[in-house]
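Engineer: Next input, structure requested:
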Amino acid sequence: MKLTTPMTITAADSNARTITGRIVAFEEEANASTGKVVFAKGSVVPTDVKLNLEHDRTRPIGKTLSMSVNEDSIDATFKIANTTAGSDALEEAMAGLRDGFSIELAVDEYTMEKDGTMRVLAGELTGVALVTEPAVRSARVSEVAATEAVEPEDSDSTIDSEETPTTEGDEVDNTVTNADTVETVEAAHSVTASAKPAVGGWTSKPRLEFTAAKLLENTIKASLGDEDARQYVLAAADTSDNAGLVPTRQLTTVINGLANTTRSNIDAISRGALPDAGMTFEIPKITQLPSVAVTAEAGTPSETDQNSAFVSVDVKKYAGQQTFSVELLDRSNPLFMNELMNNLAAQYAKATDTAVNAALIAGASADGTTITTYPTAAELLGVVARGAASVYSNTQGFARNIIMNTSQWSNVMTLNDGGRPIYNAQVPSNAGGVVAPTSVRGNVAGLDLYVTANTAAGTDTDGSILIVNPDAYTWYEGPTYQLRADVIASGQISIVMYGYGAIATKIGAGAFKNNKA
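Structural biologist: So this is what the prediction gives:
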């Protein structure tokens, strides 16, 4: 359950650009859309979070500078970003127009009192919002500071946060991951005769008619408390956009349909930890078994020496690099760096998974029977039958997995045996198949299906269907590393992501591949 319930600001300072106040009051009744809420002592633990505007997670205006736990409350100080929204928030807090705090809490444990009050026993603090009116009257701004050179004392705080720039529109991660069990409880704004009115205004700069007369009129109205007029004056003072024009905004959501981190080939075989040194390592392998035979009474037992050899495995490095200017690093949205590292990780996953696919195809036994490019149901069941027998004969172990490229996956979804789909994405395996376009993992004729887009060979070549004993192949991998180098001569920065991996073909005939006609 996610609980959002307001508290009150106790202070704001526009010089140091900080806002301070109480964010949690223990054992004090609060209002939420679910009804009354009370936080038990110790039920909320301080943590570093962002300060959002009116619970809009796409509009952060600051982040935690310090938090301290008292006997009956948690007090916090937030550093406000030097943005238009941040400056407006400081002005509104000092003027008492938006001077409430509201916490966002993922509730882990609670009880319900007889009168319907929710008593929170444990929860995780996921965010704090600056709001117009808190549900708890004691959650007010106590101090607003605004001098860039002055920082508030935080010797008693339990959490210190390194100051980093915050830009309007940064995304905030949602800490509630189980969507099926989440219940959103929005804050209820208690409005009384003494409560401040709701603050009106624009969420972005309005289209304005800038004239001397209009500016004078709105300046006077703003001094009398008119919020729309105050927004007009602030917009008139901002010269970042041309007056009267609608600027083009860029969202922080990035569209990326080019990569993911799925490694189906690696998932379909066994895994191991890469040795800590060397670019080659060896695995002992039995090449000759001792013999046992029927022996006559007082006869000499059968004797054949057991022999072994070593399988040599090469360690490969997989690396990717990006070089860019310091201006791009210093002046761009932090989202750029996050997306860059995510894409390097996705490309690393693709390179390693493609290498494993190539090793499986290279070591696999080819089917002695040719089949059409996209087999019929009978042909596919024949491949499975011959492949299972071949793998068991050569490895003394069972084939448990089948790997298909996306073209074969598309075909197999259309196949049926006597009216029953042979592609079964659910158990039991002898039941009629249940398949959906998202079923990249399932069961085909008793084998666990892995669908891969990382194929070393062409789409329709031999090896587009692989039947595998996962114990016959092992992927050994170490951690990935990041390396940054400053190129002073050109004013550039190079970032490298790299790692080491090795594919060990323990028994080559542990895989069986289709033979395309």
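
Engineer: Next, the buried residues of the longest helix along the chain.
Structural biologist: The residue-count maximum for a helix in the chain (DSSP state H) belongs to helix 335-363. Residues 335, 343-361, 363 are the ones in helix 335-363 that count as buried (16 or more other CB atoms under 10 Å). (Each C-beta comes from the backbone N, C-alpha and C, glycine too.)

Engineer: right, and the helix or strand after that helix?
Structural biologist: strand 365-371 (DSSP states H and E).

Engineer: so for that following strand, what's the average pLDDT?
Structural biologist: If you average the pLDDT over strand 365-371, you get 92.

Engineer: I'd like to know how many residues surround Ala95.
Structural biologist: Neighbour count for Ala95, taken as other CB atoms under 10 Å: 15.

Engineer: Same check on Val391?
Structural biologist: 25.

Engineer: Determine the three-state secondary structure at it.
Structural biologist: helix (DSSP: H, G, I helix; E, B strand; the rest coil).

Engineer: What values do phi and psi take at Ala385?
Structural biologist: Phi and psi for Ala385, reported as degrees, to the nearest 10, are phi -60, psi -50.

Engineer: Could you report the distance from it to Ala378?
Structural biologist: Per CB to CB, to the nearest Å, Ala385 is found 11 Å from Ala378.

Engineer: Same check on Arg59?
Structural biologist: 60 Å.

Engineer: for Ser308, same thing?
Structural biologist: Counting by CB to CB - Ser308 and Ala378 are separated by 43 Å.

Engineer: Just name whatever secondary elements the helix or strand containing Ala485 is in contact with.
Structural biologist: Per DSSP H and E: Ala485 is located in strand 481-487. Secondary structure elements in contact with strand 481-487, counted by 3 or more CB pairs under 8 Å, 6 or more residues apart in numbering; DSSP states H and E, are strand 492-505.

Engineer: Output the contacting helices and strands for the strand it packs on.
Structural biologist: strand 307-314, strand 316-325, helix 326-331, helix 335-363, strand 473-477, strand 481-487.

Engineer: quick one: average confidence on it?
Structural biologist: 92.

Engineer: and the first helix or strand past that strand going along the chain, C-alpha only, in CSV?
Structural biologist: Once strand 492-505 ends, the next helix or strand along the chain (criterion: DSSP H and E) is strand 511-516. Provided in CSV are the C-alpha atoms of strand 511-516 (Å, rounded to 0.1, in the frame of the first residue of the first chain):
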residue,chain,number,x,y,z
ALA,A,511,23.7,-29.6,-29.0
PHE,A,512,21.7,-30.7,-32.0
LYS,A,513,20.9,-28.3,-34.9
ASN,A,514,18.4,-28.4,-37.7
ASN,A,515,19.5,-29.2,-41.2
LYS,A,516,17.7,-26.9,-43.6
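
Engineer: List of residues touching strand 511-516?
Structural biologist: Contacts with strand 511-516, where a contact means CB atoms under 8 Å, 6 or more residues apart in numbering, come from 360-361, 363-373, 375, 383, 386-387, 390-391, 399, 460-469, 472-473.

Engineer: relative orientation of the longest helix of the chain and strand 511-516 in degrees?
Structural biologist: 80 degrees (axes from the mean of the first three to the mean of the last three CA atoms, to 10 degrees).

Engineer: re the thing from before, which among the contacts of strand 511-516 count as buried?
Structural biologist: 360-361, 363-365, 367, 371, 375, 383, 386-387, 390-391, 399, 462-469, 472-473.

Engineer: Could you point out the helix or strand that follows the worst-scoring helix or strand of the chain on mean pLDDT?
Structural biologist: Least confident helix or strand, the chain: strand 184-185 with a mean of 34, by mean pLDDT, DSSP states H and E. For strand 184-185, the following helix or strand on the C-terminal side (DSSP H and E) is helix 212-223.

Engineer: In that next one, which residues are buried?
Structural biologist: Those would be Leu215, Asn218, Lys221, Ala222, for helix 212-223 by 16+ other CB under 10 Å.

Engineer: Mind checking what helix or strand follows it in sequence?
Structural biologist: Next in sequence after helix 212-223, counting helices and strands by DSSP H and E, comes helix 227-237.

Engineer: Could you report the separation of the residue of the chain positioned farthest from its centre from Ala399?
Structural biologist: Distance to the chain centre peaks in the chain at Ala298, reaching 71.2 Å (criterion: CA atoms, centre = their mean). Ala298 sits at a distance of 45 Å from Ala399 (criterion: CB to CB).

Engineer: which intervals of the stretch 251-400 of the chain have sub-threshold pLDDT?
Structural biologist: 252, 333-334 (pLDDT under 70).

Engineer: Could you rerun that using 90?
Structural biologist: Residue ranges of the stretch 251-400 of the chain with pLDDT under 90: 251-262, 287, 308, 322-342, 363, 372-373, 376-378, 381.

Engineer: so where's the stretch 1-150 of the chain shaky on pLDDT?
Structural biologist: Using pLDDT under 90, the flagged stretches of the stretch 1-150 of the chain are 1-40, 42-48, 53-59, 68-73, 75, 82, 84-120, 122-150.

Engineer: what are the ranges of the helices in it?
Structural biologist: 84-95 (DSSP state H, counting those that start in this stretch).

Engineer: and Val496, what does it touch?
Structural biologist: Applying CB under 8 Å, 6+ apart, the residues near Val496 are Ala319, Gly320, Gln321, Gln482, Leu483, Arg484, Ala485.

Engineer: Make a markdown table from those and add neighbour count and distance to Asn31 to it.
Structural biologist: Listed next are the contacts of Val496 as a markdown table, based on neighbours: other CB atoms under 10 Å; distance: CB to CB, whole Å:
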| residue | neighbour count | distance to Asn31 |
| --- | --- | --- |
| Ala319 | 15 | 56 |
| Gly320 | 15 | 52 |
| Gln321 | 12 | 55 |
| Gln482 | 10 | 47 |
| Leu483 | 11 | 53 |
| Arg484 | 9 | 50 |
| Ala485 | 12 | 55 |
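
Engineer: Perfect, I'm done here.
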